[in-house]
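Participant: Dropping a prediction and its sequence here:
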Amino acid sequence: MAIDIAIIVAGAFMVASGIGAIASKSLVVSILLSGGVSLAASVVFLLMGAPDVAMTEAAIGSGLTTVVFLYALARSRQADDEDSNERLEAPASRSGGSK
Amino acid sequence: MMRKVMVTLAIIGFAFALLPLAFRAGVQAEPGALATEYLETAPRELGAANVVTAIVVSYRGFDTLGEVAVLFVATAGVGAMLTRKRLGPAAVGRRKPATEVLRTATGLLTGLIVMFGAYIFMHGHLTPGGGFQGGVVIATAVLLNVLAAPESHLAHGVMTAVEALSGAAYVAIGLLGAFLAWGFLDPRVMPTGSIGSLVSAGTIPLIYSAIGLKVGAELSGIIEALKGDRP
Amino acid sequence: MEPTIIGRIGYAFVSLFVITNYGLLLIGSMARISAKVQGRVGQPVWQPYIDIVKSSAKRNSIGHGAMFYLGPVFRLAGGVGTYMFIPAVFGSVLFRNFSDSGDLLLVMYFIFFGQLGMALGAGEGGHPYSAIGVSRGLAQMTAFEVPFALSVIAVAAQYGTLDINAIVAAQQGGFAHWTLATNPLAVIAAIVAFLGMSGHNPFSVVIAPQEIPIGPPTEYQSNLLGMLQTNRAIFNGAKLVLYMNLYFGGATNIVAMVIKTFLIYFVNVFVGQAFPRLRTDQSIRFFLGAPTLVGIASVIIAVI
Amino acid sequence: MSVMAFIAGINPVAASGAVLVLVGLWGVLSRPNLFKIAVAFSVMETGVNLVILSVGYIRGRTAPILDSAADARSASARMTDPVPQALVLTAIVIGLAVTALMLSYAVRLRTGGGDSSIESYGEEKW
Amino acid sequence: MVNPLYLFACSLAAAFLLPLVDKLGRKASLGLAYATVAAWGAAALSYLWALFPGGSPTESFGTAGFAAPLAIMLRVGPEEAAGLLAVSAVGLLSAGAMHRSLAKAPIGGAIALLMALMGMSGIILTRDLFNLFVFMEISSIATYGLIAYDDRRAALRAGFKYMMAGGIASALYLIGVIYAYRFGGQLNIDLAARSPGLYGAAGTVAAFFLLAALLIELKPFPANGWAIDVYQTVDPGLSAILSGASATALLLALWKIMPILGDAQLSVVAGSGLATFAASNLVGARQSNARRMLGYSSVAQVGLVAAVAALTRLLSLGDDRFAYMVAGGLLLNHLLAKTGLFLLSRALGEPGSQAGAQRRRERALSPIGTAIAGVLAVGLVGLPPFPGFWAKWSLIRALAGARQWWLIVVILGASLVEAFYVLRWFGRIADMRGEDGYAGPEAGIAGPALCAAALAGFGIASGLALGVGDPLLWAPFAALAALLLVDRAPGWLKSLLSIAAVAAFGRLAFDRLDGLRLFFAVMLLGGGAMYSFAAMYKRGPRRGLHPLLSAATLALGAILVADSPLGFFFAWETMTLASYLLVLRGKKGERAALGYVVFGLGGAFLLMVGLAAIPGAWSFRPTGGADGWPILLIIGGLLVKLGALGVHVWLPGAYAESDDDVSGFLSSSLSKAGVFVMIVALAAFGGVVPFQALTLRALGWIGLATALFGALYAIYQEDVKKTLAWSSMGQIGYVILALAINDQAGWTTALYLALNHFLYKSMLFLAIAGVIKRVGTRNMYEMGGLIKTMPFSFLSVLMAIIALSGVPPLSGFGGKWLLYSSLLQKGWYLEAAVAFFASAVAFLYLFRLIHTIFLGQPKPSQSTVREAPLALTIPQGFLMAVLLAASAFPRLMLDPVMGVVGDVFDPILRFEGSTLVSPLGYWDGTLSMIVTIVVFALCFFWMLANLHNPQPVKQFNIVYAAERPFKPWTTHYAWSFYAPYEKALGFLTRRRGERFWEAFGTGVDSVGGAIRRVYTGNGQTYALHVVLYVVALYLLTGAL
């Protein structure tokens, strides 16, 4: 029962951060909060006797995903900052191969 | 406004479908027959202490293979989408150089972290953790390097080779199972050994190692691609 | 006693001769009577003969092509043929003609034969007035055919036959057996249709004596015109005989035929004189209005 | 008592997971920002993972990992259901793959000169 | 059988190694990828080979050396093998089409392609619920990669929407899987299906989540905006994969989980599928962008297949074999046609996003490309001989057997809409072709060509499998193919070949033609041969004409010899197809052909339902005991084909806009096919028509109205072919009227009228074809005075109009006499009066026809035209001779007719010598002919005798008051010839039919327009639709 209560507390935290993540105006806050959700989830997993999953969730869900998010955000912000010559290029121009 | 109403309705409706299910399922008192069978067979037949690993790598290894494929395709897709030069290479000049501390620490830590990752996936059949977790840890090392030296490039060719070869090795081990044991991805190619020792559970550690390397390489690839200056 | 084929041909010529002369005289006398009624002196009764002889005797004739020449031939053949398919006098071998070729339907459709040929000939004449006249005539024709067809159907339904001889036979035995008495509505519809059919007032826009020189036959002259005039007499006669047979008890002898057809014609002409001429579209609407309703009523009466 | 039984009958993991799914869904349906949508999906995914694992939740049981070979037989009676755990492992990784792709789509759309609101990508319609 | 796991291993190894192999060069890496896909195909073939002939049982393969509950099972059965083959075949074809882009793009594209196809194969093979999820994710994620691989911006937009929907679907699926595991205790589908827990209240909800996810992936209406956008914007090769391979895989997945679905859920699947089919087709009709249109069509087809699969189980329409045949047939049809069309749409160029700009940017296709597009489009809409046709027939038959009329209505109605827009698109493509531009085939046409060939091959195979093996029924296609092969040969050679084909057909079929069929064979086959001959009148190869004409003719023959409902319907649709293409060949045939085929198909659908609802043989013998009302459907369908008033709107266009000789064929020969079938249907089922007297009377009035209005419309036409077209409609109206009389006299009349109409309408069309060829216009007022230069044609037209108007002594009068005699005999007096009016009206247009063309003032430019070519005058001469003979000796024609009719009815009419006697009257054709000739001759001699010094005069030498006219344009009274008539009765001919159908079309269109408001283009809205769809589905299953 103690575990249940812990889970419920973690669950409440998750829901709260989840709502925060969705409702927040700032994208960075959102991303961090959603990482927080994952982190709490991994705690829950650990409590439930699923250490494998907990590790994975912590590593991938809360860690890597957050990093990926932040990088993507940074990348798109760069695009905003850059001198946008490229945007004028016709999107259909398919000059770019990998080579 | 209309939209908000519709969204609310959709959420309420969805809740109406989902919540009773979640509530009605309740908490099981006993694992089901299938779970019990797994719990009983996995140690006995495969010699794997970690039943989850046994399921993930062996019984349902096909899922995992698919999962690796998913990650692989995603990496390829992300790479294909974001590596174009004209997408605006990261403005290297404007990026703040990393601090001295970070760079030094990176140098020291990279090796350690990789070792740790390898440990995790090699002990996947014994302890919690496995290829994926280990892979992430390896990717963390890469991430650290990226943070420390934003303008540096990883040895892309090496990464590709590691990714490709480890993947191929995974498949090859699986095929060995088919030819030497009873089926594709059957770990019983090698003796199952005694539960709890590192050399046990047949080829599970090998598979997990391959997975670990592959996942590590793939996740690094994703980070690299998102970072934006992969050639 | 059935006459030989040669005999029948001979009879047919006699019958044709009679109707031709009768038709010409009828037209002449009617014109004369009209004139008297209108307070004029009018033409002599034999004026139609004079016209035909004059036309036929012309030294030159102008032609516009093969169909132009064939037009009057068609027209005359149509008139003669129509008459040939009608038994003129009930029970008379002489005036039986070739009515065993077909029944009432044949007659009704053979009427078109001449009209079609005439229209074609007039068409080749190349005169726009001819074409206008044909256009008006055909348009009007479709309209007056409706009450006429209805009344014919009423007759056919009433007597249960399309055989003209049988229709006449069914009307023997006095006035009370005539269609005029048994189904007066059918007769009314038919008479109105007759006005249109023979181009009398108020449905004379086809010929349009004042504005267009005689409508479809505009380009015709010389003996071609003569043939048309001859046909007018024969065709008129044939139609009158047909009406007599269908509605007025037929005729058992030539005198009865003359009297009846004369009266029918007379009534028609003078009924028509009282009305002003209608435009084509007006007459079409007219025919498809009241006369058609009368015709439908007559069919209903006949069926009941 | 019955209230207690009712509460005890509730699976707390499933409940929080389901609510999280709904929260994520709400985000997906109501936030126009591409990155926000990705975040919402990520939250929803976490919720789904919780729901999946909730099925394997058995009170008072331990992780399905043997300590030693000795008590293999009896150990199975102490362990939770390993199947959902195996499934969740797969699901998490797949989730990451989807998120990564979604983000790179977002980045590509943005760097291609687009807005960050999904409403501006509605050229194909009707 | 090869263990499919090895194939997965190969694919994965290949994919993993691709980046390395790519270092050796793009050719090597792409070669490896293609080879892997091909290996799948080869394996699938080997499975099929092992499964079908020997009937080797379905085999299962477990992973890791374990079996079902522990391990993941893969199953190879017939449907799996076929599905695998489809996936790899579509994959290879698309890969071929995408090759260039793949070579240019990063290697990720090739990897994604390979993985997408492998994922689909996995979806097909796996029997494990969670493994299914993994493979679905593999294929989805690979698809996301592929969408972006060649860097189309629009595709990225669409891809994001796709991902949103996909994300929701996978969340649903996962929830479903885990609760299925919770309540069913199993992840293996076969084991779960046996577990009672899954059928409890909670288990049903779990199954519902699984189902909902799969349904969403199947792109149901209205939750499919994302999919349409993807179809529209991505590389067409990928669209082909999505619409062909992916749909196949997902449908098989749905099929897989069907055992765990309850009835309510199956009904929901069926309902959702049908709603998708209907709504998507409605919206599809609004599309101007080809790819988007194809997208809607794909979605619709997939919906239909899903619905059929569900209905098969729900209504127990049949066993699995039935499902394979019908759902499989529909799927195969969709797969091949859509793959081909998507690949072909590459060759059409990139459509712009605006509708208006698009048309200009599409390129014209080469003749071969057009032909392939035709095969694919025609296959798509379910015309024979393609698989869709057979599948649809079986489906309707089964649904009729289950008495599911509403389903039939929905399916056929939506099919019709689909046919409308797909063929509209094809018509536009065909219309863009250059005149005799012998452009070589486009690059990349091989893929579509293969699809087309496969479509034809499978179509033939499924036809044979359904028991339609009569070679004569297939003869049209044989002739079509053979003549297409020699299409470059000169026209005369092809004409002779066509005639030879008809002759051979006639010889082979001769033994099977009893009296009635022989009678019609004269008109149908003889007419076809005659028009093949006449087709020589235009020089040049006239590409496409002879194959189609020959096919249409033989199809008419096939209608005569068909002895089963399916055989008959096959021949009937073949005829529809061939004649549609003939109309489309016309210069401005695009619109007309569309109307023609849509109404043709509509009529055919009515026929199909009628035939499907009547069990029993298809013969000219009374059949008892059947339900009566299907015969009404059959009659209705035939009325459409015959162009009865109200459903005639296709007729003037089709007859007027096709080539001039083809118009004749359509109007005089082809229209008789409907008459034939009407006779057969009435003979067989006339006894069971509900409310027989009332129905027949109504039919009579329909015929009558057709006759009257056909004539009324005809008189106002300036275009000579329109005149003839309306005239044909009117004449067929008389035939309908006569058939409705339904006794010996009536049917004798009908057959006699039909034959007569064939004779004189052929003469008219042939003569007019010559005139049009010589003067180069179809407007009558631009002609005039042609009697001088084309006397033979004039004579032909003259005889024809005398006959047509029913003026004695030509045989046309026989028809009138018979008609009125039988009407009056039957007591249909009012009908007789109206018929009389109609035939008087016919007089108007006939006179106008001959007058404005041949009489009046000639135009100077036409003063030197020559007589029509021999290819036209020879048949006309022959027909004239026949007409005269038949007129002078009516028994020549009437004896066989009365012989045929005598089998069915007691005699009313009889011959006494040369006199035809009815209870009411009599008619002696021979005597009246003699009298007329003699009288005419006498008058003629009278005229000659009195003709003095005839002088021909010049053109304008006519009697005019003051001036001489000098312009034929003002002197030739021709334009608006019956102005007064129009003034009086024009209100009758205000095109109510057209306006009704236009309004109907607008209504359908605006329904489509309203529905497509759903597709706002906002990905989030689409996601909302997905969720709302799921919620609605949930509530529905709860309610059911």
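Facilitator: Here it is on my side, so go on.
Participant: Please make it C-alpha for all contacts and neighbour counts, starting now.
Facilitator: Fine.
Participant: which residues does the residue of the stretch 1-150 of chain C found nearest chain D contact?
Facilitator: Proximity of the stretch 1-150 of chain C to chain D (CA to the nearest CA) peaks at residue C:139, 52.4 Å away. With CA atoms under 8 Å, 6 or more residues apart in numbering or on different chains as the criterion, the residues that contact residue C:139 are C:280, C:284, E:841, E:844, E:978, E:980-981.
Participant: low-scoring stretches of chain A, by residue?
Facilitator: Across chain A, residues meeting the criterion (pLDDT under 70) sit at A:1, A:79-99.
Participant: Look up how far residue B:58 lies from the residue nearest the centre of it.
Facilitator: In chain A, the C-alpha closest to the average C-alpha coordinate belongs to residue A:66, at a distance of 4.1 Å (CA atoms, centre = their mean). In this view, residue A:66 and residue B:58 are 30 Å apart by CA to CA, to the nearest Å.
Participant: what's the answer for residue E:802, then?
Facilitator: When CA to CA is applied, the distance between residue E:802 and residue B:58 equals 91 Å.
Participant: These two: which is more packed in?
Facilitator: Legend: neighbour count by other CA atoms under 10 Å in any protein chain shown for residue E:802 and residue B:58, higher for residue B:58 (32 against 24).
Participant: measure that one to residue B:207 for me?
Facilitator: Residue B:58 sits 9 Å away from residue B:207, going by CA to CA.
Participant: do residue C:244 as well
Facilitator: For residue C:244, the distance to residue B:207 - CA to CA - is 115 Å.
Participant: Just want to know which of these two has more residues nearby.
Facilitator: Ranked by neighbour count (other CA under 10 Å), residue C:244 and residue B:207 place residue B:207 first, with 29 against 24.
Participant: Next, see if the host helix or strand of the more buried one gets close to chain A.
Facilitator: Following DSSP states H and E, one finds residue B:207 within helix B:204-227. Yes - on the criterion CA under 8 Å from any CA of the partner chain, helix B:204-227 is in touch with chain A at B:222-223, B:226-227.
Participant: name the helices or strands packed onto that helix?
Facilitator: Helix B:204-227 makes packing contacts with helix A:65-81, helix B:61-82, helix B:100-122, helix B:131-148, helix B:156-180 when contacts are defined by 3 or more CA pairs under 8 Å, 6 or more residues apart in numbering or on different chains; DSSP states H and E.
Participant: any idea of the angle the third one forms with helix B:131-148?
Facilitator: With axes from the mean of the first three to the mean of the last three CA atoms, to 10 degrees as the criterion, the two stretches helix B:100-122 and helix B:131-148 enclose an angle of 170 degrees.
Participant: quick check, helix B:100-122 touching chain D?
Facilitator: No - using CA under 8 Å from any CA, we find that helix B:100-122 stays clear of chain D, coming within 13.9 Å at best.
Participant: any idea how far that helix is from the chain center?
Facilitator: The offset between the C-alpha centroid of helix B:100-122 and the centroid of the whole chain comes to 18 Å, using CA atoms, centre = their mean, to the nearest Å.
Participant: Equivalent analysis for the shortest one, please.
Facilitator: Averaging C-alpha positions (CA atoms, centre = their mean) puts helix A:65-81 12 Å from its chain's average.
Participant: and for it, what are the contacting residues?
Facilitator: Under the criterion CA under 8 Å, 6+ apart, external residues in contact with helix A:65-81 comprise A:28, A:31-32, A:34-35, B:88, B:90-91, B:222-223, B:226-228, D:35, D:96, D:99-100, D:103-104, D:107, D:110-111.
Participant: Stretch E:42-52: which residues count as buried?
Facilitator: Taking 16 or more other CA atoms under 10 Å in any protein chain shown as the neighbour-count basis, stretch E:42-52 is seen to contain the buried residues E:42-45, E:47-51.
Participant: as a whole number, average confidence for that stretch?
Facilitator: Confidence over stretch E:42-52 (mean pLDDT, whole number) is 89.
Participant: can you check stretch E:791-807 too?
Facilitator: In this model, stretch E:791-807 carries a mean pLDDT of 92.
Participant: Same question for stretch E:973-984.
Facilitator: 84.
Participant: Around chain E, which positions in the stretch 151-300 of chain C sit nearby?
Facilitator: Of all the residues in the stretch 151-300 of chain C, those lying near chain E are C:153, C:156-157, C:160-163, C:218-219, C:223-224, C:227, C:280-282, C:284-285, C:296, C:299, going by CA under 8 Å from any CA.
Participant: From those, list just the buried residues.
Facilitator: Neighbour counting by 16+ other CA under 10 Å classes C:153, C:156-157, C:160-163, C:218-219, C:223-224, C:227, C:280-282, C:284-285, C:296, C:299 among these as buried.
Participant: Can you pull the residues of chain E lying near chain A?
Facilitator: Remark: the part of chain E in contact with chain A comprises E:104-106, E:150-153, using CA under 8 Å from any CA.
Participant: In terms of distance to chain B, which of the residues you listed ranks first?
Facilitator: Of all these, residue E:106 has the smallest distance to chain B: 5.5 Å, by CA to the nearest CA.
Participant: Got the phi and psi for that closest one?
Facilitator: In terms of degrees, to the nearest 10, the main-chain angles of residue E:106 are phi -60, psi 160.
Participant: Assign residue C:161 to helix, strand or coil.
Facilitator: Following DSSP: H, G, I helix; E, B strand; the rest coil, the label given to residue C:161 is coil.
Participant: That one against residue E:920, yeah?
Facilitator: Yes - under the criterion of CA atoms under 8 Å, residue C:161 makes contact with residue E:920 at 4.2 Å.
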